[in-house]
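> From the sequence below, what's the structure:
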Amino acid sequence: MTILVFVNFFMQLAFHMASSVVSRYAVSAGATVVAAGWTFTVFSATSLLVRPFGGRLLDRCVMNHPVYLQLFTVREMLARDYGETLRSVAAMGYDGVELFKDCPYSAAELKQRLDDLGLAAISSHYHGGQLDDLSFIERQVEFNACIGAKYFVCAYADFRNTRAADRLAETLRHVAEICEGAGLELAYHNHFQEYIRVKGGYLLEYLLAQVPTMRLELDVYWATVGGADPYEMMTRNRDCLSLVHARQLESYDTKTECDLQDGVIDFRKVIRLAEAYGAPRFVVEADDCPNAEDSARRAVRYLKSL
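Numbering: from 1, shown residues only. Coordinates of the predicted model:
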C-alpha cells in the first residue's frame, strides 16, 4: 500500500511539473509498473530537472548523450589562454573536447586539468600530411592514450579518385595498427570532396572499405555541402559510424554555416539515427562564426534541449 501511494504521488508530481508554466521541463516516460490492478508510469528522476536555470548538472539531464566541442571552434581563445578556454568550455555545459593541435601541457597535466573540470577528451584531429610520419603518429597516439581519448581522427585528406584513395588507405592501415596497439580506434572525418560518385557509392565509402577497422566521424554539414543526404549516409555507414560532427548549413544555396537551430539539417533526426546506430556522440564545430564563444554556448544548449 505504501508503495502504491508513493508511485501515485510521484506520477502526479511529474504530470504537474510537465504541465506548469515553465516551458523547459523534460518529462520522459520510463518503466510501467502494474500493481494491484493499477497501472502507473514511473518517470526518470533526472528527467524532471529543469534547464537551463544555471549549472551544468541541469543542462546534462535533458539529453543523456555526451556533447563535445572541437577546439578549433575556439582557436582564438586557445591562443590567448589554453587553460582558461578549457574552463570556459566546461562552464558552457560540454561533456568534453576534441583536440586539433598541440597543447602547451604534457599528457598527464592535460588529463588532470580535464578531470578537474569534469571534461573528457574524446578524440584528436590530424590531417593527412601528418600521417606519413609514423614516429610522429606513435608519439601522438601515446599522448592520446594518456589523456583517455578513444579515437584518433584523420581530419582531412585531399584525394579525388580511387587511386589516391588506395594510397591513403595504405597509410591509414598502418596508423590503425598503431592505434589498436594503444587501445585507440582510428576514425575518418569527412569534408565535401569525398562525395564524388564511384562504383558502389561515394569515394568516402570506398576509402572506408579499404580500411576495415577505421571508424567514421560523419560531418553532416560537409556531407550536405558535398551533395549527399546526411541521414542516408548515417544509415548506409551505420556499422562504422562512431561520432557525428554537429554543424549547420544555412541553406542549400549559400552553403554557409549558421547556428545549429537555424539551418536546414534536422538535428532531432540526426540524434535519433545516432541513437539507433549506437553512435550518440556529438562533436560541435563551427569554422566561421562572429563570436565563437557565444556560438559554442548556443550549440550545446540546443543539442541538449532536443
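> and Q112, helix, strand or coil?
helix (DSSP: H, G, I helix; E, B strand; the rest coil).
> gap between it and S106?
With distances taken as CB to CB, to the nearest Å, Q112 is found 10 Å from S106. (Each C-beta comes from the backbone N, C-alpha and C, glycine too.)
> which residues are in contact with both of the two?
Common contact partners of Q112 and S106 (CB atoms under 8 Å, 6 or more residues apart in numbering): none.
> Need the contact partners of the helix or strand encompassing C154.
Assigned by DSSP states H and E, C154 belongs to strand 151-156. Strand 151-156 is contacted by residues 98, 100, 122-128, 131, 140-141, 144, 172, 175, 179, 184-189, 191, 215, 217, 242-243 when judged by CB under 8 Å, 6+ apart.
> in the stretch 1-150 of the chain, which spans are helices?
Secondary structure of the stretch 1-150 of the chain (DSSP state H, counting those that start in this stretch): helices located at 2-18, 56-59, 75-80, 82-92, 107-117, 134-146.
> which of these has the lowest average pLDDT?
Of all the helices of the stretch 1-150 of the chain, mean pLDDT reaches its minimum on helix 56-59 (a mean of 40).
> The helix or strand that contains A209: what's the following helix or strand?
Under the criterion of DSSP H and E, A209 resides in helix 203-210. Where DSSP H and E defines the elements, the next helix or strand beyond helix 203-210 is strand 215-219.
> Measure how that following strand sits relative to strand 151-156, angle-wise.
With axes from the mean of the first three to the mean of the last three CA atoms, to 10 degrees as the basis, strand 215-219 and strand 151-156 are set at 50 degrees to each other.
> May I have strand 215-219 exported as CSV, CA atoms only?
Extracted as CSV, the C-alpha positions of strand 215-219 are listed here (Å, rounded to 0.1, in the frame of the first residue of the first chain):
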residue,chain,number,x,y,z
ARG,A,215,35.5,4.3,-37.9
LEU,A,216,33.6,7.2,-39.3
GLU,A,217,33.2,10.7,-37.8
LEU,A,218,30.5,11.9,-40.0
ASP,A,219,30.4,15.7,-40.5
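> Which neighbouring elements make contact with it?
On a contact count with 3 or more CB pairs under 8 Å, 6 or more residues apart in numbering; DSSP states H and E, strand 215-219 meets strand 151-156, strand 185-189, helix 230-236, strand 241-246.
> how far is that strand from where the chain is centred?
Centre-to-centre, strand 215-219 and its host chain are 10 Å apart (CA atoms, centre = their mean, to the nearest Å).
> Tell me the strands beside it, with direction?
When sheet partners are counted by DSSP bridges, strand 215-219 sits next to strand 185-189 (parallel), strand 241-246 (parallel).
> okay, those strands in a markdown table with mean pLDDT and mean neighbour count next?
Putting these into a markdown table (pLDDT from 0 to 100; neighbours: other CB atoms under 10 Å) gives the following:
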| stretch | mean pLDDT | mean neighbour count |
| --- | --- | --- |
| strand 185-189 | 98 | 23 |
| strand 241-246 | 98 | 24 |
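> Throw those strands into JSON lines and include distance to V284, thanks.
Shown next, in JSON lines, are the strands paired with strand 215-219 (distance: least, CB to CB, whole Å):
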{"stretch": "strand 185-189", "distance to V284": "13"}
{"stretch": "strand 241-246", "distance to V284": "5"}
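> Point out the one among those that comes closest to G93.
strand 241-246 (14.0 Å; CB to CB).
> Tell me the helix or strand right after the closest one.
Following strand 241-246 in sequence, per DSSP H and E, is strand 248-249.
> For that following strand, which helices and strands make contact with it?
So strand 248-249, by 3+ CB pairs under 8 Å, 6+ apart, packs with helix 220-225, strand 257-258.
> got the contact list for that strand?
Applying CB under 8 Å, 6+ apart, the external contacts of strand 248-249 come out as 221, 224-225, 255-265, 267.
> circling back to that earlier point, got TSV for the helices and strands packed on strand 215-219, with distance to T162 too?
Output for these, formatted as TSV (distance: least, CB to CB, whole Å):
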stretch	distance to T162
strand 151-156	17
strand 185-189	16
helix 230-236	18
strand 241-246	22
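> To R197, which of those lies closest?
Of all the helices and strands packed on strand 215-219, helix 230-236 sits nearest to R197, with 13.3 Å by CB to CB.
> No more questions from me, cheers.
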